[in-house]
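>>> Using only what follows, build the 3D model:
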Amino acid sequence: MAGRGGGEYSMTKKRLWLLARCWLAVIAVGLLGSTAYMVYDLSTSMAAAKIRHAARLDPTKAEVGRTASINRAGELGVTPKNLVVKTGIYVDRVYDFAVANNSWSLDFYIWFNWKGDTIYPDKSFQMVEGVINEKKCEAQLDQGDEHYVLCRVSATITKHFNVSRFPRDDHMLTVRIEDTVFQNFDLNYVADIEGSDLSSRAKFMGYKPYYKKLLVKEHSYKTRRGDPRLPEGYKATYTQLIYGIGIKRDGWGLYFKMFLGIFSSLAVALIAFFVRPDDLDPRFGVGVGAFFAGVASAYLTAGEVPQTSAFGLADFVNGSSLILILLTVLTSAMSLGIHRVHGCETMARRFDLYALAVFLIGVIILNVSVAITASF
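The predicted structure is shown next:
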């Protein structure tokens, strides 16, 4: 009987150890699977953003989700005016740059060179996706049919920032100028590329500019805008002057400042594996305290980004960390069961060491992978 009982006890220990290893294997597979999903989602988002940015600054392509340009002036029965205005932009100052508010404000110079007395482009231009707060224009040259007007403009532009990779994000900011009177078969801007630039005084909080480009592109609306010269179903098309500014994060400072709290909570939760399983207060108190500290940190981080239903880098880091902290508490409960219920102290300590290794390696792989993917 004694031998049989000892055999049964040995079999129970083997089954218990198998169950413990299966639990750790599930956690390891879950960590790898979560890492793969996050990397895929972030890389897909980055690829889509690059395609979007390239199309936005390509005169021959329509950006995804925007109306393709159509020019059917020959079908309208009107005589095109064929007016040409040479135009440039110099961005002098950027202020109120707020990703969380989906807007940014700037001061810039814009100038118009043209011939003829039938148009006044300095009076008829507008900001697309923005509003002009203040405009001051002065004629610098007005001789015969040659005209040159320089304007200083203060404007606020609406920009729906893609924050899926925040705070390792990059963005393409655009200043879009369009005439309100003449369509593209009457008036066309010509980009003064040589004179256009971005001042060194223009600062973007937390970002640095890495790209700038001036171009002219046609812009169509899903309406003829009440123009009686245009047939039903015609898409009114205007020439648009675009100055694009690419910005990207200037370092890793914000990333570590944002996630220092959640990373610290996760590190504290792992300390529980150094505590004896039967020391209930410190063993479980550490994990529970770390969880609520992580929740507070995640709540504060959420206020740094615009509200969106999509999951991004910040959500992945905060969410995965909170889940891992919860799993450390569940793992501690299993270790306590091994130690107290089955009386296997040695097995419980070995289980704790294996659990620490799985969590630590998994956390490092997950966070390093998503951070690198979101950055390049």
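>>> biggest strand in the chain by residues?
Across the chain, the longest stretch assigned as strand under DSSP state E is strand 83-98.
>>> for the stretch 151-300 of the chain, which spans come out with low pLDDT?
Scanning the stretch 151-300 of the chain for pLDDT under 70 picks out 229-230.
>>> Run through the helices of it in chain order.
Chain-ordered helices for the stretch 151-300 of the chain, with DSSP state H, counting those that start in this stretch as the definition, fall at 253-271, 280-302.
>>> how about those in a markdown table, adding distance to residue 134?
Just so you know, the C-beta spots here come from the backbone N, C-alpha and C atoms, and that holds for glycine as well. A markdown table is the format used below for the helices of the stretch 151-300 of the chain (distance: least, CB to CB, whole Å):
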| stretch | distance to residue 134 |
| --- | --- |
| helix 253-271 | 32 |
| helix 280-302 | 35 |
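>>> wait, what's in contact with the nearest residue to residue 259 once chain neighbours are set aside?
Excluding the flanking residues, the one nearest residue 259 by CB to CB, 6 or more residues apart in numbering is residue 317, at 5.6 Å. When contacts are counted by CB atoms under 8 Å, 6 or more residues apart in numbering, residue 317 is found next to 259, 262, 367, 370.
>>> Pull out the buried members of the residues you listed.
Among the contacts of residue 317, those scoring as buried are 259, 262, 367, 370 (criterion: 16 or more other CB atoms under 10 Å).
>>> so which of the helices of the stretch 151-300 of the chain comes closest to residue 195?
Closest to residue 195 of the helices of the stretch 151-300 of the chain, according to CB to CB: helix 253-271, at 34.6 Å.
>>> other SSEs contacting the closest one?
For helix 253-271, the packing partners by 3 or more CB pairs under 8 Å, 6 or more residues apart in numbering; DSSP states H and E come out as helix 280-302, helix 313-336, helix 345-375.
>>> closest one to residue 149 among those helices?
helix 345-375 (43.5 Å).
>>> what about residue 278, distance to residue 347?
13 Å (CB to CB, to the nearest Å).
>>> neighbour-wise, which of those two wins?
Set side by side, residue 278 and residue 347 show more neighbours around residue 347, with 17 against 12, by other CB atoms under 10 Å.
>>> so who does the more buried one touch?
13, 16, 17, 20, 338.
>>> coming back round to it: with residue 177 as the reference, name the closest of the helices of the stretch 151-300 of the chain.
The nearest among the helices of the stretch 151-300 of the chain, by CB to CB, is helix 253-271 at 32.1 Å.
>>> wait, isn't residue 151 in contact with residue 110?
Yes. Using CB atoms under 8 Å, residue 151 is in contact with residue 110, at 5.1 Å.
>>> Comparing these two, which residue is more hemmed in?
Neighbours of residue 151 and residue 110, each counted by other CB under 10 Å, are more numerous for residue 110; the result is 25 against 18.
>>> you'd agree residue 239 is up against residue 178?
Yes. Using CB under 8 Å, residue 239 is in contact with residue 178, at 7.3 Å.
>>> who has more neighbours, these two?
Between residue 239 and residue 178, counting by other CB under 10 Å, residue 239 is the more crowded of the two (25 against 16).
>>> Name all residues that make contact with the more buried one.
178, 179, 184, 187, 188, 189, 216, 217, 218, 219.
>>> go on, residue 176?
Counted by CB under 8 Å, 6+ apart, residue 176 has contacts 127, 128, 129, 130, 219, 240, 241, 242.
>>> Tell me which of these fall in strands.
Among those, DSSP E puts 127, 128, 130, 219, 240, 241, 242 in strands.
>>> returning to what we had before: give me the subset of the contacts of residue 347 lying in helices.
Among the contacts of residue 347, the residues falling in helices (DSSP state H) are 13, 16, 17, 20.
>>> How about the last one, nearest residue that isn't a chain neighbour?
Nearest in space to residue 20, with sequence neighbours left out and distances taken as CB to CB, 6+ apart, is residue 351 at 5.0 Å.
>>> I figured residue 168 hits residue 371, correct?
Yes. Assessed by CB under 8 Å, residue 168 is found in contact with residue 371 at 6.6 Å.
>>> more neighbours, those two?
Counted by other CB under 10 Å, residue 168 and residue 371 do not tie: residue 168 has more neighbours, with 22 against 19.
>>> where's the closest residue in space to the more buried one that isn't next to it in sequence relative to residue 248, distance?
Leaving aside its chain neighbours, residue 168 sits nearest to residue 374 (4.0 Å; criterion: CB to CB, 6+ apart). Counting by CB to CB, the gap from residue 374 to residue 248 is 11 Å.
>>> These two: who's more crowded?
Shown here are residue 374 and residue 248; by other CB under 10 Å, residue 374 has more neighbours (27 against 15).
>>> Touching, the more buried one and residue 170? I think so.
No. With contact defined as CB under 8 Å, residue 374 does not reach residue 170; the gap is 9.9 Å.
>>> Go ahead and flag the most central residue of the chain.
Nearest residue to the geometric centre of the chain (CA atoms, centre = their mean): residue 163, 2.5 Å.
>>> Which one (most neighbours) among the contacts of residue 239?
residue 189 (27 neighbours).
>>> Now rank the ones in strands among the contacts of residue 176 by neighbours and give me the top one.
Neighbour-wise, the ones in strands among the contacts of residue 176 (other CB under 10 Å) top out at residue 241, 27 neighbours.
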